[in-house]
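Please work out how this folds:
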Amino acid sequence: MKFVIRTQHLENYGAHDTDGKFASNNAYWKMKGGSDYIVEGVDRIQDAIAFVAAKTMQNNIAWKEFPTEWLTHDEWEAHVLETCDDEYAQFIFDSTVTLDPREAR
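Now for the predicted structure:
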């Protein structure tokens, strides 16, 4: 089975020129898009979420990435085709990263 895990990116602009901490009133977080990951080689969506989290999640003072949505591959593909024009849908399909825990090192 194939699953798609969608993530959100956050960037802390305060971390670039100050300490970026909330306690110093220097945190300034902005949404910065996200990524879609196709996960093959697992039978359960929970395993796909955990694998993407292990491989891609970041959580530091300047950048965060975390899962926000999970779908079967067929659900995701149908959603993209229904909501995006052809050119943007092709961009999404081309930029999606495929992961497989059976090939992980």
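
Where does the prediction get shaky in the protein?
For the chain, the stretches flagged by pLDDT under 70 are 104-105.

Please, where are all the helices along it?
With DSSP state H as the criterion, the chain has helices at 14-17, 45-56, 73-83, 86-95.

Can you spell out which helices and strands pack onto the longest one?
It stands for helix 45-56. When contacts are defined as 3 or more CB pairs under 8 Å, 6 or more residues apart in numbering; DSSP states H and E, helix 45-56 sits against strand 3-12, strand 36-39, strand 63-72, strand 97-99. Bear in mind the C-beta positions are built from the backbone N, C-alpha and C, glycine included.

Name the stretch among those that sits most buried.
Of all these, strand 36-39 has the most neighbours on average by mean count of other CB atoms under 10 Å, namely a mean of 21.

contact partners of that one?
2-7, 47-48, 51-52, 56, 73, 76, 92, 95-101 (CB atoms under 8 Å, 6 or more residues apart in numbering).
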